[in-house]
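Participant: Just a sequence and a predicted model for now, questions to come.
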Amino acid sequence: MSTAAPALPAAEFDHGAELHVPELYQPEAGAAHSVATLDDIGPSEIAFYREHGYIAVREAFTPAEVASAIAGVVDLIMGKVPAFTGITFEAGAKAILPTLSPEQRQDAVRKVWFFVNHEARLKAISHHAKVLTVVRKLMGDREPEMFQDMCLVKPPRLGREKPWHQDHAYFDYPLGTPVVGTWIALDAATIENGCMQLLPGRHREGPIVHFQRRDWQICDNVILGTRSVAAPLPPGGMLLFDGLLPHGTPHNASANRRRALQFHYAPAGITKTTAEERMKHFGSEGKNVSC
Ligand SMILES: O=C(O)CCC(=O)C(=O)O
């Protein structure tokens, strides 16, 4: 019987390793408003979401569910599902990747994506009945359909920033579609290791022009001088946020892991629009703006 290690997927790298200026992430004192569990989300929390663009939940998933999700992610990274290839490594890991063992590769990955049909443990999180109930309420009682799944790994020291952006700027859904993002901490997410930072209420201002800089992002000049709200979360904690809420995460300069799952939902049956239509709202052409 063969005992050979599973073949590792071919390496794809993120496009850049450029660092951000620290002033881009200046959270106010005090963390984001949060509730204890998903069961605590009633009409007043839904009203809070409409006004501020987010709800943070400290204990959305049990330690057993978090352990099962981590095991699923690690199996994908270690190449235990041969048909799965959705792994992007940090550009900063290019030189060292060939020297790393499969175990060490975990701390060189930027993201793992489009995995739900390969990993039942992760699909179970994305289709968790309590999550779907809350997302349905946030969409005004429309049936949610999950359309994007990711694990954002942001490894110790190497984990690059995700610059400030609105998620809707990435999705070809008509403006006005109630896109809901969910972000689930698998490790403790702290300001130091790159937890989510938000600009509450700014989703109500509509689309912001994005530019291709360190990523597809809001121009740094729009953010500089703005105080954010940080959303630190324990493992199993969850953030639900509006597709137009500006958010970003700084570089992980710490020695600690910061793995998180992110799922996006839109109402089932929505007809998609085109990239051209999206760019009319989120692109800069014709708007006399520069970055
Ligand atoms: O987890 C992160 O670092 C940021 C995730 C995010 O905002 C995104 O991928 O849209």
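Facilitator: Right, received. Where do you want to start?
Participant: got the buried residues for stretch 229-247?
Facilitator: 229-233, 235-247 (16 or more other Cβ atoms under 10 Å). Just so you know, the C-beta spots here come from the backbone N, C-alpha and C atoms, and that holds for glycine as well.
Participant: Which parts of the stretch 1-150 of the chain are helices?
Facilitator: Secondary structure of the stretch 1-150 of the chain (DSSP state H, counting those that start in this stretch): helices located at 43-52, 63-77, 102-105, 120-126, 129-138.
Participant: ah, wrong one, I meant the stretch 151-291 of the chain
Facilitator: In the stretch 151-291 of the chain, the helices defined using DSSP H, counting those that start in this stretch lie at 220-223, 275-282.
Participant: Can you list the buried residues in the longest one?
Facilitator: Using 16+ other Cβ under 10 Å as the test for burial, helix 275-282 gives 278, 279, 281, 282.
Participant: so what does it touch, helix or strand wise?
Facilitator: Of the remaining helices and strands, none touches helix 275-282 by 3 or more Cβ pairs under 8 Å, 6 or more residues apart in numbering; DSSP states H and E.
Participant: How about the first one?
Facilitator: The contact analysis (3+ Cβ pairs under 8 Å, 6+ apart) places helix 220-223 against strand 162-165.
Participant: Partner strands of the strand it packs on, with direction?
Facilitator: Neighbouring strands of strand 162-165 in its sheet, by DSSP bridges, are strand 247-249 (antiparallel).
Participant: and the partner strand with the ligand, contact?
Facilitator: Yes - residues of strand 247-249 contacting the ligand under Cβ under 6 Å from any ligand atom: 247, 249.
Participant: where's that strand relative to the chain centroid, distance-wise?
Facilitator: When C-alpha coordinates are averaged (Cα atoms, centre = their mean, to the nearest Å), strand 247-249 and its chain have centres 9 Å apart.
Participant: tally of neighbours for the spatially closest residue to residue 20 that is not a sequence neighbour?
Facilitator: Residue nearest to residue 20 in three dimensions, not counting chain neighbours: residue 161, with 4.8 Å by Cβ to Cβ, 6 or more residues apart in numbering. When neighbours are defined as other Cβ atoms under 10 Å, residue 161 has 21 of them.
Participant: Now for the closest residue to residue 41 other than its chain neighbours: which residues touch it?
Facilitator: Distance criterion Cβ to Cβ, 6+ apart; nearest residue to residue 41, sequence neighbours excluded, is residue 134 at 5.2 Å. When contacts are counted by Cβ atoms under 8 Å, 6 or more residues apart in numbering, residue 134 touches 38, 41, 55, 240.
Participant: Next one: the last one, what pLDDT does it get?
Facilitator: Among the per-residue scores, residue 240 holds a pLDDT of 98.
Participant: repeat for the third one
Facilitator: Residue 55 is assigned a pLDDT of 98 by the prediction.
Participant: who touches it in this structure?
Facilitator: Contacts of residue 55 by Cβ under 8 Å, 6+ apart are 33, 34, 35, 41, 45, 48, 49, 134, 138, 239, 240, 241.
Participant: That one and the ligand: what is the separation?
Facilitator: When distance is defined by Cβ to the nearest ligand atom, to the nearest Å, residue 55 is 16 Å away from the ligand.
Participant: In strands, which of the buried residues of stretch 229-247 appear?
Facilitator: Those of the buried residues of stretch 229-247 mapping onto strands are 229, 230, 231, 238, 239, 240, 241, 242, 247, per DSSP state E.
Participant: Looking at the residues you listed, which one is closest to the ligand?
Facilitator: Checking those against the ligand by Cβ to the nearest ligand atom gives residue 247 as the nearest, at 5.5 Å.
Participant: Verify the stated contact: that closest one with residue 195.
Facilitator: No - at 10.5 Å, residue 247 does not count as touching residue 195 under the criterion of Cβ atoms under 8 Å.
Participant: Which pair in the buried residues of helix 275-282 has the greatest spatial separation?
Facilitator: Using Cβ to Cβ, the two most remote members of the buried residues of helix 275-282 are 279 and 281, lying 7.3 Å apart.
Participant: can you pull the contacts of the residue nearest the centre of the chain?
Facilitator: The residue lying closest to the centre of the chain (Cα atoms, centre = their mean) is residue 262, at 4.5 Å. By Cβ under 8 Å, 6+ apart, the contact list for residue 262 reads 148, 149, 150, 151, 152, 181, 182, 183, 184.
Participant: which of those tops the neighbour count?
Facilitator: In terms of neighbours by other Cβ under 10 Å, the contacts of residue 262 top out with residue 184 at 28 neighbours.
Participant: Give me the spatial nearest neighbour of it, chain neighbours excluded.
Facilitator: Leaving aside its chain neighbours, residue 184 sits nearest to residue 261 (4.4 Å; criterion: Cβ to Cβ, 6+ apart).
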